[in-house]
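[1] Need a 3D model of the following:
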Amino acid sequence: MKRIVWTEPAKADVRRIDRETAMRILTALDRFARTGEGDVKRLQDIEPPEFRLRVGDYRLFFVNIYDALEVRRVLHRRQAHR
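    Numbers count the residues shown, from 1 in each chain. Model (predicted):
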C-alpha cells in the first residue's frame with residue numbers, strides 16, 4: 001500500500017466539498033492506493049508524470065513518488081478541464 005501525502009491546496013479543495021462526496025473521494029483514493037484499481041489516466045506532456053483519478057464529478061490530480069501518492073489538487077470537473 002502506498003502512503004497518501006496531501007499538498008495544502010488539495011487539503012483546502014477537499015474541505016470545500018460536501019462531506020458525503022468527500023468521503024467517496026477519500027474511499028476511492030484509499031482503494032487506488034491499496035489495489036491500483038480506479039479510473040486513473042496519465043496526463044500527457046507533463047513531467048514528472050501526473051495522474052488523474054476520476055470520482056464522480058471530481059478529479060484528483062496526483063504524482064506517484066516512490067512509495068507515496070502526492071495529491072496535488074481535488075477539483076470539480078468544470079474546474080479541472082480549464
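[2] Report the central residue of this structure.
    By Cα atoms, centre = their mean, the chain has its centre lying nearest to L60, at 2.5 Å.
[3] got a list of what D30 touches?
    Contacts for D30 (Cβ atoms under 8 Å, 6 or more residues apart in numbering) come out as I4. Using the backbone N, CA and C atoms, a C-beta is placed for each residue, glycine as well.
[4] on that earlier part again, is it true that the residue nearest to the centre of the chain touches L43?
    No. Using Cβ atoms under 8 Å as the test, L60 is too far from L43 to be in contact (11.9 Å).
[5] which neighbours do those two share?
    R52.
[6] And the strands in the protein?
    Assigned by DSSP state E, the chain shows strands spanning 3-6, 39-42, 50-55, 58-65, 68-76.
[7] Which of those sits closest to R24?
    Distance to R24, taken as Cβ to Cβ, is lowest for strand 50-55 among the strands of the chain, at 6.0 Å.
[8] Show me which residues of the lowest-mean-pLDDT helix or strand in the chain are buried.
    One helix or strand of the chain scores below all others by mean pLDDT, DSSP states H and E: helix 77-80, with a mean of 90. Neighbour counts using 16 or more other Cβ atoms under 10 Å place A80 of helix 77-80 among the buried residues.
[9] try stretch 67-82
    So stretch 67-82, judged by 16+ other Cβ under 10 Å, has buried residues 69-75, 80.
[10] hmm, who's touching it?
    By Cβ under 8 Å, 6+ apart, the surrounding residues in contact with stretch 67-82 are 2-7, 9-10, 13-14, 17, 25, 29, 32-33, 50, 52, 57-63.
[11] Quick one, which of those are buried?
    With burial judged by 16+ other Cβ under 10 Å, the buried subset of these is 4, 6, 10, 13-14, 17, 25, 29, 32-33, 50, 52, 58-63.
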